[in-house]
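1. Just the structure for this:
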Amino acid sequence: MELRQLKYFVRIVEAGSVSRASQSLHVAQPALSLQISHLEEELGTKLLTRSVRGVTPTDAGAAVYRQAQLILKQIEATQLIASQADLGPAGPVAVGLPWTVTSVIGLALVREVRDALKSVRLEITEGPSSMLATLLAQGKLDLAVLFDNTTDGGLVMKKVVSEPLLLVGAKGTLAGRDAMSLTEAAGMPLLLLSRPNGIREEIERIWAVQGLKPQMVAEINAPGLLIDAVQAGLGYSVLPSCAMEERLQKGELDAIELEGGALTRTVYLSTSRLFAPTRAAEHVHALVERLMRESIETGKWNGRWLAGE
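-> Below is the predicted model:
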């Protein structure tokens, strides 16, 4: 078995097509197919199912794909270790951040990596927790911030923050109110993030148990637009404070607790059980954790720090 065969196989699975993989690898399609045939012969099993729509891995192929990713990542890490011995932490580090967390620590993370880890190339992917968990499990991220709706046996999930969920509305629309039940909130015109979204799924689960159907005005999968729509008085939303802390501090929005502050979400700093972190990834991991803790301690993030408990 050769490393190039694993590299070719991984690229074909990710491209979903031998021809597309051939183009990206700059390897002739017949040569690529021949190498995959040799790999299948050596392993004694069929790895790919071919159809007019492309190729998909068999069950055995999916297992080999995951292992091949691990092997190739370890090879890359070995190459980095040699350079790190003299230069310190070096190489790419891929971090997954949900948009709410990006708004709190994203800029500081880019700045501090640039200033303190000059040989590290930071790659930030923003997206929903479920997507980031999948990328992390696949080895496409080195670490990610995830929420409590995420479960994956292949991940190490360290609790770091508990934060309240708030009902948020335009300035003056919630004046005189300190809290509201989720039952009452269901009857208000709501603007909610589109699925998949942990907050959306959790509050809809509670409403379903209570037999309630929320008054949905719109689903908006653009966080900035959602908050702008709330601020413009087009409806209310349920969000963590970190999504809009700056606007709350400026008094541009009203926000009150739901269920007396009992409705919360847990934030995790997560890594993969399968993919060993590089030295650079370990440094960035420590930096992300410090920035999150400092955001809590300085009041930039309205939450409770859990990592020391």
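
2. Is it correct that residue 255 is in contact with residue 167?
-> Yes: under the criterion of C-beta atoms under 8 Å, residue 255 makes contact with residue 167 at 6.9 Å. Where you see a C-beta, it was placed from the backbone N, CA and C, and this is true even at glycine.

3. could you show me where the helices are in the stretch 201-309 of the chain, in order?
-> 223-231, 245-249, 279-297 (DSSP state H, counting those that start in this stretch).

4. buried residues in the second one?
-> What it means is helix 245-249. Residues 245, 247, 248 are the ones in helix 245-249 that count as buried (16 or more other C-beta atoms under 10 Å).

5. excluding its backbone neighbours, what's nearest the first one?
-> For residue 245, the nearest residue in space outside its immediate sequence neighbours is residue 300; the separation is 6.2 Å by C-beta to C-beta, 6 or more residues apart in numbering.

6. Please report how far that neighbour lies from residue 101.
-> 12 Å (C-beta to C-beta, to the nearest Å).

7. Residue 306 too?
-> In terms of C-beta to C-beta, residue 306 sits 15 Å off from residue 101.

8. the more surrounded of these two?
-> Using other C-beta atoms under 10 Å, the more surrounded residue of residue 306 and residue 101 is residue 101, with 27 against 15.

9. tell me which element the residue lying closest to that one once chain neighbours are set aside is part of?
-> Distances taken as C-beta to C-beta, 6+ apart place residue 145 nearest to residue 101, at 4.8 Å, with adjacent residues excluded. Using DSSP states H and E, residue 145 sits within strand 143-147.

10. Packing partners of that strand?
-> In terms of contacts (3 or more C-beta pairs under 8 Å, 6 or more residues apart in numbering; DSSP states H and E), strand 143-147 is packed against strand 91-97, helix 129-137, strand 264-272, helix 279-297.

11. Export only the CA atoms of it, formatted as PDB.
-> Output of strand 143-147 as PDB, limited to C-alpha atoms (Å, rounded to 0.1, in the frame of the first residue of the first chain):
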ATOM      1  CA  LEU A 143     -10.600  22.200  17.400                       C
ATOM      2  CA  ALA A 144     -14.100  23.700  17.600                       C
ATOM      3  CA  VAL A 145     -16.400  25.500  19.900                       C
ATOM      4  CA  LEU A 146     -19.600  23.400  20.100                       C
ATOM      5  CA  PHE A 147     -23.000  23.500  21.900                       C
END
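
12. Point out where the stretch 151-300 of the chain drops to low pLDDT.
-> 151-153 (pLDDT under 70).

13. what's the answer for the stretch 1-150 of the chain, then?
-> Short version for the stretch 1-150 of the chain, where the test is pLDDT under 70: 77, 79-87, 149-150.

14. do that again at 80, thanks
-> 1, 52, 70, 73-88, 148-150 (pLDDT under 80).

15. Please, where are all the strands along it?
-> Per DSSP state E, counting those that start in this stretch, the stretch 1-150 of the chain carries strands over the ranges 48-51, 54-57, 91-97, 120-126, 143-147.

16. which one of those lies closest to residue 187?
-> Checking those against residue 187 by C-beta to C-beta gives strand 143-147 as the closest, at 26.2 Å.

17. partner strands of that closest one, parallel or antiparallel?
-> Strand 143-147 pairs in its sheet with strand 91-97 (parallel), strand 264-272 (antiparallel), by DSSP bridges.

18. Including mean neighbour count and distance to residue 295, could these go into JSON lines?
-> Shown next, in JSON lines, are these (neighbours: other C-beta atoms under 10 Å; distance: least, C-beta to C-beta, whole Å):
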{"stretch": "strand 91-97", "mean neighbour count": "22", "distance to residue 295": "13"}
{"stretch": "strand 264-272", "mean neighbour count": "21", "distance to residue 295": "11"}
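
19. With respect to residue 56, which of the ones you listed lies nearest?
-> Smallest distance to residue 56 across the strands paired with strand 143-147 (C-beta to C-beta): 23.7 Å, for strand 264-272.
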